Each structure stands twice: as structure tokens, then as C-alpha cells.
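In: Mind looking at a prediction? Sequence and model below.
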Protein chains: 2
Amino acid sequence: MNQQILLKSRPIGKPTSGNFEIVVAPVVLLKDGELLVKARYVSVDPYMRGRMSDAKSYAPPFELGKAIEGGVVAEVTESRHPNFVVGDAVFAPMKWQELQTIAADKVTKLVKNTTPLSYYLGILGMPGLTAYFGLLEIGKPVAGETLVISGAAGAVGTVVGQIARIKGCRVVGITGSDNKKAFLQNELKFDEVINYRSTKNMEDAIAKACPNGVDIYYDNVGGEISDAVFTNINKYARIIICGQISLYNNTKMPVGPRPQAIILKKSALIQGFIVSNYAARFPEGVMQLTQWLNEGKLTYQETIIKGFDKLPEAFIGLFEGRNTGKMLVEIE
Amino acid sequence: MNQQILLKSRPIGKPTSGNFEIVVAPVVLLKDGELLVKARYVSVDPYMRGRMSDAKSYAPPFELGKAIEGGVVAEVTESRHPNFVVGDAVFAPMKWQELQTIAADKVTKLVKNTTPLSYYLGILGMPGLTAYFGLLEIGKPVAGETLVISGAAGAVGTVVGQIARIKGCRVVGITGSDNKKAFLQNELKFDEVINYRSTKNMEDAIAKACPNGVDIYYDNVGGEISDAVFTNINKYARIIICGQISLYNNTKMPVGPRPQAIILKKSALIQGFIVSNYAARFPEGVMQLTQWLNEGKLTYQETIIKGFDKLPEAFIGLFEGRNTGKMLVEIE
């Protein structure tokens, strides 16, 4: 039986399992130019929360009663296109569905080598490229500068911190558990890590961890954690707005201290982006990240949950900090 | 009698005349390498409010009981330096004092030609250069784009809007009176002007004045006016934080809607600056502004108040919107 997960209702606040429904997918005949593919790794990403609302954003909202869509690595099980054969691995934005048909020109064929296929959902995919272009193009790190990352143990944050270390920066991570803190310090060699859940005064903790102030802030989280970073920025600081996961489930417009006065005082910059702004340069990013992986300069961490029916749970877990590194679901 | 104005007490909220005191300046002997100068035009600028507080900022606080300092155009009345003669006009940051001594190497000698000397406090001085570098270096205007300016009738805003028109932008000003609105539309040829005091829904008014959205926002004001602009920005919008005059007199940390989510959605940029960041390029800016003035492409407006003792009143007037264009005090 071919299962599909659809959006049953739009989440209000934090998503719950009740917002999703597992149904049997309709049978669709394979046409010329199409592939029948079987999902192997399905990505869950914070940005998908935005598509579950009906507010206008950079991606259109998911439709109620239709399948959720996101990044999927799949295996070709039948091909009606000359460039693909059974067993090929492909990546594309696809439905949350075990088996599906897709136009061959919508997928990227993945080279099977020593790189695990799941990496194309993480360090060699959207999150890795998000880290790479956001940090290098907006943050413009210089050796000796101090970088702070919120959501440091997530799919993007883990890569940002390691690239910043390659570039010679002092790297300070903010995360939400002692396990993650230990991982970032011991495995990824971050210089300092702050567990915000066990820290009373974040402003002081950041000041202590950054004796020379904050030159770059890579923000995945927003809200009060960002407020505490802002008071510690240096002249010409660059603040990269990559995500605001702490606010995605807000039901009201979030309010807080206005950042403009400190931006003015410090001649600082805040810039938002989405990775597709850099689509023309993705090959450059994948090549560089692959090289660093092969040279052992990048360590990659995944939180893999098994079973197609676990997709809603994995997605909800993103907002509970249940992942270290990239969260994804593997389907046997 | 040689008068001086000192800071008697730090303003809490809006400055009042009680924060200032006029005293008789002590007599100081002129030394070699120094000039004795008589103030002719004294600048009052919003940034000076920051120096009246004791909070750390980009310029050190004024000291209580000491003379206020700001931009002054003065005339040399005695010279102990070979490069200066009596009657020379000079510009420097100086005390609010009728007659004072100053080291000759601290002043800029002004060329006496057809340009009124007061212009060196405005369009050819700090406010003009602030407009020029902030707009061109951060805003990067492209012909056909839409620019919104808050504080549009001020010393900086009037220049920003005219440069943006030279660059081919649609220019929308936000100001606080119908007189200023008429001036901006009729004299400076702004495309649209919104009087925020008589407008109920600023968000709608901006949307109507900017049918193609806002590409550049030159912000002198901050607060709720900025909130209304933010909801109208386009992808890749540039927001230049030049001033936040609506907040300078706040006694509490101003709070408001967090701008990060829209910055993220729109891949937008917010950048603060102070004009001294571009000090190395001031000659380029003065040359270009002078050329545009001579070609009749820039119209320049001043609000001149006469009398040394009117300095506190002129300064306080900045926060009441009493000026159109550059506010300054002339001393006979």
C-alpha cells in the first residue's frame, strides 16, 4: 500500500500530529519522460512550517488536503526517460509519499560514490548550501573575528561553525542542551558553547564567551536570544538572518526591543536571504563542501528517524530541539 | 562679553531650555599655532541628543558643566599660524561659544566664493555627505526603483530625495506638516509626500504611494513610521538606518514589531552607518554635491535662526519638526 502524508489542518502555534494525516495515495500511470521513484530519505526542515500557514511568503502555502512537499532522495524503480535507469538515485522536491511519479527533468541525478546519499539533504544540499552562502556572502568572515551562531547544533548551524573555523574565526555556539553543547565543543571544536536553557543572563554569557565582542552573528533562531547577542556586537558587525525558528509558531506578531538604534551606533548590517538567491552558484558550493568533507575538515552529523509514518513526529521534533545536525527520515 | 553655552543637566526625554546654561567664557591666551575665531554659523543636529546622554555611543558624551560642541563655521579674528590670516573662514567641531581659540591644524579653511558659508554645515557638510554616502553606498539606487524617506524635509532627507531623483528613482517622502509636504512636492519635485500627522493608516498610504513596492528606505526617524514602511518592502530591499529621531528622547528601550521575519522573507538588508565611516571619501562627495548645486540639480533649503542665545531653542526645535531643511543659528 502506497502511503502519503497530507496537511489535514493548518497548525496554530506549534504543529501537532493532528495537523497531518496518513492516507493511501491514488494510483497514477507513468507517462513518457517520467520516472517512478521510491523515497529513501525525506527531509524535514524548519522553513516548511512557513508553508503550512496561509500567509504569503517566499514559497506558496501547502494546500489543505494535499500532500506535504519537501526535499527527498529517492531511487528510480521504473524509467520512461532515456537518461535514467532502475536503481539510479535522484534528488528533487517531492511529495511525502512512498512511491510517486515525477518528470525526469525535475530531478537531479546523484552520483553514487562514497558519499552517503542522505548527505544531499544536508551538508551537500539545502542546509549545507545555506550555511555556505549565508556565512561567506553576507558574513564575510575574516580570520581572528568572533562568530556567534544560534541554533548551533542544527543542520545549518553545525556547518556554519565549522566553515567559520576553517576561515580562522573564534566560534561561539548557542544551543539548548548539554548533550549538544558537548557535541559542538568536543566533536566540532567550537571555541565556546552556551546552553541557553541553563543560562540565566544570556547577555552576560555572550559577553564572557566573546571577550572581543561579536563580529558576525549567524541567526537561525531570533527572539530573545538574538536580543542578547545584539547588545554585544562590534562596529561593522554583520548579522545574517537565516531563520527565526523561535518565532515560527507564534500566533501573534512578535514584538521586542527595536534593533535599529544599535545597528546605527555600530554601523552594523542585518541581511536576510534564502538559499535559492544563490542557485546559480550551487555547483561551486557543493564542490567546496565536498572537498572539505574529503579532507576531513568538516564533520557531518545526522539525526535519522526510521519509518515513513514517523515524518510528522520528526518534523514536530525540530521545534523541540530533538535533532543534533540534520534531521531526516529514512525509509527502508 | 564672550558667551558660552554649557550642558547644565542631562535631558530626560525631550531636551528643555533648563538643560542648558549661558555663561561667560573664561579668557584664554592665544598660543603659537592657534587661531582666535568668531563663530558665524553654528549647527544644531539630531545626533547631538545622543551626546547629551551618558550612554556609550559612537561619540563620547558631553561633560556636565562644560560647553556643548558641534559643527561651527567661524571667522579668523587673530592668527598665530602662517597659513591663516584675519578674515579667513574656517570649519571645525567647536564649542558653542562666541569667541574661542583653536589649534590651526584642527580646522578646515573654507574657500570664499559664491557658495554661502553656511552650506558647509549642511549640503556641503555633514548632513549632505550623510545623504550622499548613505544613499549611494548602502542604498545603491537603480533607475526605476522606489525610494521612501522618513524625515524627508530635514537636512539629510531633502538631499537624499533629490539625489535619488537624479538617479532616476521614484521618490516618496514622509513628513510632519502640510507646509513641508508642499515644499517637497513643489520645490524639490518629490513624486509623492505623505504627512504622517494627518494620515490614519500609514501602511495603506505607503502602499498607495508605492504601487511597485519599496526598494530603498532611507530612515531618519524609526519607530512606527518604519514599521509601516517595512510591511511594504520588495525582495532585495535596502534599508538605510541614518537616524532614529523619533526614539532619541525615549527614556525606556523602545519595543516594536521584530523586523527580522520580513527581512528574511524579502532577502532584505538593514544597515546603519555614520558619515565618518566615509571620511576618506569626503572630497569626492563635496565635489559631486557642489557640481549638482552649480548645475541647478540640487535645491538647498535652510532654516536659519539668528542670535547666539537662540542655540538651545533651535536644538530643541529639531525634535518638534520646526525646521525645513538644515537648521542652524547665525551669529552677527
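Out: Noted; the coordinates are in hand. Residues are numbered from 1 along each chain as shown, chains lettered A, B, ... in the order given.

In: which SS state does the nearest residue to A:Ser150 once chain neighbours are set aside fall under?
Out: Leaving aside its sequence neighbours, A:Ser150 sits nearest to A:Val221 (Cβ to Cβ, 6 or more residues apart in numbering or on different chains; 3.8 Å). Any C-beta I mention is one placed from the backbone N, CA and C, and that applies to glycine too. For A:Val221, the assignment made with DSSP: H, G, I helix; E, B strand; the rest coil gives coil.

In: List the contacts of A:Val221.
Out: A:Val221 makes contact with A:Ser150, A:Gly151, A:Ile174, A:Gly243, A:Gln244, A:Ile245, A:Ser246 under the criterion Cβ atoms under 8 Å, 6 or more residues apart in numbering or on different chains.

In: Out of those residues, which sit inside strands?
Out: Among those, the members falling in strands (DSSP state E) are A:Ser150, A:Ile174.

In: Could you name the helices and strands sitting against whichever helix or strand A:Val90 is part of?
Out: Using DSSP states H and E, the element containing A:Val90 is strand A:89-95. On a contact count with 3 or more Cβ pairs under 8 Å, 6 or more residues apart in numbering or on different chains; DSSP states H and E, strand A:89-95 meets strand A:34-43, strand A:69-79, strand A:99-103, strand A:108-110.

In: Point out the most buried one among the ones you listed.
Out: strand A:34-43 (a mean of 23; mean count of other Cβ atoms under 10 Å in any protein chain shown).

In: Any chance you could list what contacts the next helix or strand after it?
Out: Using DSSP H and E, the helix or strand that directly follows strand A:34-43 along the chain is helix A:48-52. In this structure, residues lying in contact with helix A:48-52 by Cβ under 8 Å, 6+ apart are A:7, A:10-11, A:15, A:19, A:57, A:59-62, A:68-70, A:245, A:248-249, A:315, A:319.

In: ChimeraX command to pick out the buried ones of these?
Out: Typed into ChimeraX, the line below selects the buried ones among the contacts of helix A:48-52, using 16 or more other Cβ atoms under 10 Å in any protein chain shown:
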select /A:7,11,15,19,57,62,68,69,70,245,248,315,319
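
In: Give me the phi and psi angles of the spatially most central residue of chain A.
Out: Taking Cα atoms, centre = their mean, the centroid of chain A lies closest to A:Pro127, which sits 4.2 Å from it. Backbone geometry at A:Pro127, expressed as degrees, to the nearest 10, gives phi -60, psi -40.

In: residues in contact with it?
Out: Neighbouring residues of A:Pro127 by Cβ under 8 Å, 6+ apart: A:Asp45, A:Leu121, A:Gly154, A:Ala155, A:Val156, A:Val159, A:Lys326.

In: Please list all residues in contact with the fifth one.
Out: For A:Val156, the contacting residues are A:Pro127, A:Thr130, A:Ala131, A:Gly134, A:Asn220, A:Cys242, A:Gly243, taking Cβ under 8 Å, 6+ apart as the criterion.

In: Can you classify the third one by secondary structure?
Out: The reference is to A:Ala131. Judged by three-state DSSP, the three-state class of A:Ala131 is helix.

In: And for it, the neighbour number?
Out: 30 (other Cβ atoms under 10 Å in any protein chain shown).

In: just checking, A:Val148 touches A:Cys169?
Out: No: taking contacts as Cβ atoms under 8 Å, A:Val148 lies outside contact range of A:Cys169: 10.1 Å.

In: in which helix or strand would I find A:Gly317?
Out: Applying DSSP H and E as the criterion places A:Gly317 in helix A:311-317.

In: May I have that helix as CSV, with CA atoms only?
Out: The C-alpha trace of helix A:311-317 is given here as CSV (Å, rounded to 0.1, in the frame of the first residue of the first chain):
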residue,chain,number,x,y,z
LEU,A,311,7.6,12.0,9.3
PRO,A,312,5.2,14.2,11.3
GLU,A,313,6.9,13.3,14.5
ALA,A,314,10.3,14.2,13.1
PHE,A,315,9.1,17.5,11.8
ILE,A,316,7.5,18.4,15.1
GLY,A,317,10.7,17.4,16.8
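
In: from the contacts of A:Pro127, which is closest to chain B?
Out: Chain B lies nearest to A:Val156 out of those, by Cβ to the nearest Cβ, at 13.0 Å.

In: where's the closest one relative to A:Arg80, distance?
Out: The spacing between A:Val156 and A:Arg80, counted by Cβ to Cβ, to the nearest Å, is 36 Å.

In: List only buried entries from the contacts of A:Pro127.
Out: Buried among the contacts of A:Pro127 (16+ other Cβ under 10 Å): A:Asp45, A:Leu121, A:Gly154, A:Ala155, A:Val156, A:Val159, A:Lys326.

In: Now for A:Val148 and A:Cys169: what residues contact both?
Out: When contacts are counted by Cβ under 8 Å, 6+ apart, A:Val148 and A:Cys169 have A:Ile216 as shared neighbours.

In: Of the contacts of helix A:48-52, which belong to strands?
Out: Among those, the ones falling in strands (DSSP E) are A:Leu7, A:Glu69, A:Gly70.

In: Closest to B:Gly144 out of the residues you listed?
Out: Nearest to B:Gly144 among those, counting by Cβ to Cβ, is A:Glu69 at 35.2 Å.

In: Distance check, the closest one against A:Tyr120.
Out: A:Glu69 is 17 Å from A:Tyr120, by Cβ to Cβ.

In: repeat for A:Ile304
Out: Distance from A:Ile304 to A:Tyr120, by Cβ to Cβ: 14 Å.

In: what do you get for A:Ile22?
Out: 25 Å.

In: Looking at the two, which one has more neighbours?
Out: The neighbour comparison of A:Ile22 against A:Tyr120 (other Cβ under 10 Å) goes to A:Tyr120, with 24 against 14.

In: show me the contacts for that one.
Out: By Cβ under 8 Å, 6+ apart, the neighbours of A:Tyr120 are A:Val73, A:Phe91, A:Leu110.

In: okay but the last one is in contact with A:Gly87, surely?
Out: No: applying Cβ under 8 Å as the test, A:Leu110 and A:Gly87 come out as separate, 11.7 Å apart.

In: that older thread, out of the buried ones among the contacts of A:Pro127, who's nearest A:Thr290?
Out: Closest to A:Thr290, out of all of the buried ones among the contacts of A:Pro127 and judged by Cβ to Cβ, is A:Val159, at 12.6 Å.
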